[in-house]
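>>> pasting the sequence and the predicted model now:
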Amino acid sequence: MTNPSPLETFRLGPFTTPRIWTGLWQLSSNAWGSASVPKIRQGMQRHVSEGYTAFADHYGSAEIIFGQFRESADSPETIVGATKWCVFQRIDPSRAIVEAAVQERMERMRTKRVDLLQFHWQDYTDNGYIDALGHLLDLKAEGKIAAIGLCNFDAIHTDEICTEFGPNAIVSNQVQFSVIDTRPLHGMADVCQKHGLKLLTYGTLCGGFLSDTWLGRPEPDLYSENMSPSQRKYLDMIVKAWGTWELFQSLLSVLRTIADHHGRSIANIATRWVLDHSFVGAVLIGARLGVSEHPDENKGAFGFRLRDEDNAAIEAVLDRSNGRRIITLIGDCGAEYRQ
């Protein structure tokens, strides 16, 4: 591979952050492979030293470990921590309830201000999300939150929220986006352009399937004990919603050919494909800190853009898939979590 390029950055609310963030969802379960807390903190420090200064997600003990790490870091003010407030059941979205949720995150992360609070609301038929966001914006004005984002909101409700609260109230929406799952291209991209919103995307490497590791490999057993929760999720999408394993191998072959031209890896090309969309702020790449990390390889996603012929070759495979129809099979962004 070519020498890694400097990290690209973008502006998100009051922050300038790299366009690759470190996702901490693997801290939710030992099923991902576990490491000791000191090793996890060491992994965080390695990422920061490489320029990956933004971390995201609230799963398991992620907030606590991140807070302990940042508190002991040499330059804590340079490190950005994004967390979530996810509302899965009906609540009274009163000021007291909302403030308590924010306070809990501040305490867990050992901070006087949440950098980016990403808000998820499960039931669209209950429009209490408008009241909740109003209180969050009040807390932002009071200095307890630096920036507010959404998580797994669809295009219609994202547009509604941004229209209701006006410019710059909401800075981001975290959704799934990859060369396999292209749903943000159908509506969400237009909403982002209309309101100046940036997407923080996950699933960009489909749990690692969009990598050289799986090129030429037979289809794995969905129920194998060697499969991580993420791999099960994305394998199911690849072979049941998107297409077949054979077609997926064709896609990996095309990505490998493109990667050869640019001196990169398949994962770099898959990441670059997402980053080349102007409405994408950053890609969230999960890291099994202390177990399996790829900060150096991930830098290969920077320093180049895909050529027209690269995109045409990718599109030729996607045209043979159900990729453009996934939105009708699953629903818009986040719908898979509301079924």
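Received, thanks.

>>> list the buried residues for stretch 175-194?
Across stretch 175-194, burial judged by 16 or more other Cβ atoms under 10 Å covers 175-184, 186-189, 191-192. Any C-beta I mention is one placed from the backbone N, CA and C, and that applies to glycine too.

>>> ok, these vs residue 59, which is closest?
Residue 59 has its nearest neighbour among the buried residues of stretch 175-194 in residue 176, at 15.7 Å by Cβ to Cβ.

>>> next, give phi and psi for that closest one.
phi -80, psi 130 (degrees, to the nearest 10).

>>> who's in contact with it?
152, 183, 201, 202, 203, 333 (Cβ atoms under 8 Å, 6 or more residues apart in numbering).

>>> low pLDDT regions in this structure?
Where the chain drops to pLDDT under 70, the residues are 1-5, 25-35, 288-295, 339.

>>> what about the longest helix in it?
Longest helix in the chain by number of residues, with DSSP state H as the criterion: helix 245-262.

>>> okay, now residue 151: neighbour count?
As a burial measure, residue 151 scores 25 neighbours (other Cβ atoms under 10 Å).

>>> that one contacts residue 84, correct?
Yes: under the criterion of Cβ atoms under 8 Å, residue 151 makes contact with residue 84 at 5.6 Å.

>>> hey, what's in contact with both of those two?
Joint contacts of residue 151 and residue 84 (Cβ under 8 Å, 6+ apart) are 118, 119, 120.

>>> is the second one in a helix, a strand, or coil?
Going back to what we said before, that points to residue 119. Under DSSP: H, G, I helix; E, B strand; the rest coil, residue 119 falls in the strand class.

>>> what ranges do the helices span in this protein?
Using DSSP H, helices in the chain cover 37-49, 62-72, 95-108, 128-141, 155-165, 188-195, 229-236, 245-262, 266-275, 295-298, 308-318, 326-330.

>>> closest one to residue 210 among the ones you listed?
Taking Cβ to Cβ, helix 266-275 is the member of the helices of the chain nearest to residue 210, at 4.0 Å.

>>> gap between that closest one and the chain center?
Relative to its chain's centre, helix 266-275 lies at 14 Å (Cα atoms, centre = their mean, to the nearest Å).

>>> what's in contact with it?
By Cβ under 8 Å, 6+ apart, helix 266-275 touches 1, 8, 19-20, 177-179, 201, 204-205, 210-212, 215, 252, 255-256, 258-259, 262, 264, 280, 283, 285, 294, 297-298, 300-301, 304-306, 310-311, 314.

>>> going by neighbour count, which of those residues are buried?
19-20, 177-179, 201, 204-205, 210-211, 252, 255-256, 258-259, 262, 264, 280, 283, 285, 294, 297-298, 300-301, 304, 306, 310, 314.

>>> quick check: end-to-end length of stretch 45-57?
Separation of the first and last residues of stretch 45-57 by Cα to Cα, to the nearest Å is 17 Å.

>>> which residues does that stretch contact?
6-7, 15, 17-18, 20-25, 27, 44, 66, 69, 73, 78-84, 116, 118, 174, 200, 282, 284, 287, 289, 293, 295-296, 298-299.

>>> excluding chain neighbours, what is closest to the residue positioned nearest the centre of the chain?
Closest residue to the average C-alpha location of the chain: residue 202 at 2.9 Å, with Cα atoms, centre = their mean. Closest residue to residue 202 apart from its sequence neighbours, by Cβ to Cβ, 6 or more residues apart in numbering: residue 284 at 4.5 Å.

>>> state the distance from the one you found to residue 310.
23 Å (Cβ to Cβ, to the nearest Å).

>>> kindly report the same for residue 136.
In terms of Cβ to Cβ, residue 136 sits 41 Å off from residue 310.

>>> equivalent analysis for residue 23, please.
Taking Cβ to Cβ, one finds residue 23 at 26 Å from residue 310.

>>> is there a neighbour count for residue 200? I'd like the number.
Residue 200, neighbours per other Cβ under 10 Å, totals 27.

>>> tell me who's in contact with it.
Counting by Cβ under 8 Å, 6+ apart, residue 200 has contacts 21, 56, 82, 118, 149, 172-175, 281-284.

>>> give me the neighbour count for the residue nearest to it when sequence neighbours are not counted.
Nearest residue to residue 200 in three dimensions, chain neighbours excluded: residue 174, at 4.4 Å (Cβ to Cβ, 6+ apart). Per other Cβ under 10 Å, the neighbour tally for residue 174 reads 29.
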